[in-house]
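**Q** Quick one: sequence plus predicted model below, questions after.
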Amino acid sequence: MSTRARQYAAEVLRREQLTPHLVRLTLGGDGLQGFGSTGIPDEWVGLVVPQQFQSRYYTVRSWDGAELVLDVVVHEVGLVTEWAARECVGETVTVTEPKGSFAMPDSAGWLLLVGDLTAMPAMARIAESVGRDRLASRLVRIWAEVPDAEVLRGSGYLPEGVDVTWLAPPGDGQSDLAAVVERIDWPAGDGYFWMAGESAQMRAIRKHLMRERRLPSAAYDVMGYWRGVAKRQPRAVDPGPIWRAGKMAGKDDDQIWADYDEARARHE
Ligand SMILES: Cc1cc2nc3c(=O)[nH]c(=O)nc-3n(C[C@H](O)[C@H](O)[C@H](O)COP(=O)(O)OP(=O)(O)OC[C@H]3O[C@@H](n4cnc5c(N)ncnc54)[C@H](O)[C@@H]3O)c2cc1C
């Protein structure tokens, strides 16, 4: 059996500037026939843009059976950043079949979501997926470290009723999310913690959750979505095969995401 993820050619139907740093791309066309959602709310696809061979990874913001929506952070330099920053409607990209990681136990009494702008699509979808009752009871909390909070707040990007703490990034493409998590006042009882953003911050938090909070690994999912390295990454490492191999080896999510960090460090 092939371990390569299935690939689909998709046309960029629309490009919308949601905020100064976030571009919404709606993909569609016949090439997406056979594409399907896993139903896991943080599912992602690999994306290859025209004239490039390397993939970058993007959360499925939505898939309605015909149109696939990706929200792309436009930062300083980068393969996808530079392409998405300009007009790209009508161009053809390649996307891979989706994979997801979020696995909140049914018994979870609360859900904490922490992330930077790259995590906003997943946090929005996760919050949408947990249902109004949980949102209304304030058992879902989000910490969002984003440069465009004033635009996102009240824009409907996150479902109504979700309890959000908006945080400004410290500047210079840096992130302070590890310190934010260390200050969280944790709810009582069992719940689920999901977090994504810059890898070094995520590594620090994994240690914190294991050593200080002593959370069982099934109670959290912490993912390095990008690496704050000074140069353009020579090659992005596909999380898909690492994910599949880890699952087959019976590893838990956290070990798999730590393996992913290590694999990316080897490629620098
Ligand atoms: C499972 C998963 C889901 C993801 N979902 C999303 C999503 O929905 N939306 C989204 O925008 N991103 C998402 N990401 C993150 C995205 O894949 C990375 O940010 C990617 O590196 C961007 O590619 P690029 O070609 O623009 O930059 P690259 O060519 O990869 O990097 C160029 C330079 O930019 C820096 N850089 C990379 N990303 C960022 C950033 N976000 N902010 C500041 N500097 C950066 C790098 O350190 C490097 O120096 C996800 C990642 C994973 C693993």
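**A** Done, it's in.
**Q** and Gly31, how many residues sit next to it?
**A** Close neighbours of Gly31, defined as other Cβ atoms under 10 Å, add up to 17. For the C-beta atoms, the positions are set from N, CA and C on the backbone; glycine is no exception.
**Q** Against Thr92, how distant is the closest residue to it other than its chain neighbours?
**A** With Cβ to Cβ, 6 or more residues apart in numbering as the criterion, Gly31 has its nearest non-adjacent residue at 3.5 Å, and that residue is Ala9. According to Cβ to Cβ, to the nearest Å, Ala9 and Thr92 sit 5 Å apart.
**Q** Quick check: the residue nearest to Gly31 vs Ala66, distance?
**A** When Cβ to Cβ is applied, the distance between Ala9 and Ala66 equals 15 Å.
**Q** same thing with Asp176?
**A** Taken as Cβ to Cβ, the spacing of Asp176 relative to Ala66 amounts to 40 Å.
**Q** Please say which of the two ends up with more neighbours.
**A** Set Asp176 next to Ala66 and count neighbours by other Cβ under 10 Å: Asp176 wins out with 16 against 12.
**Q** for the more buried one, phi and psi?
**A** phi -120, psi 30 (degrees, to the nearest 10).
**Q** so what's it closest to, chain neighbours aside?
**A** Skipping the residues right next to it in sequence, Asp176 comes nearest to Pro170 by Cβ to Cβ, 6+ apart, at 4.9 Å.
**Q** what is the residue nearest to Gly31 paired to in the beta sheet?
**A** On DSSP bridges, the residues paired with Ala9 through beta bridges are Thr94.
**Q** what residues does the helix or strand containing Val69 touch?
**A** Here Val69 sits within strand 68-73, counting by DSSP states H and E. By Cβ atoms under 8 Å, 6 or more residues apart in numbering, the surrounding residues in contact with strand 68-73 are 10, 18, 21-28, 32, 35, 45, 47, 58-63, 80-81, 84, 95, 117-118, 120-121.
**Q** Identify those among the residues you listed that sit within helices.
**A** Helix and strand membership here follows DSSP state H; of those, those in helices are 80-81, 84, 120-121.
**Q** And the host helix or strand of Tyr260, what does it pack against?
**A** Secondary-structure assignment from DSSP H and E places Tyr260 in helix 253-266. For helix 253-266, the contact count by 3 or more Cβ pairs under 8 Å, 6 or more residues apart in numbering; DSSP states H and E identifies helix 199-207, strand 220-226, helix 239-248 as packing neighbours.
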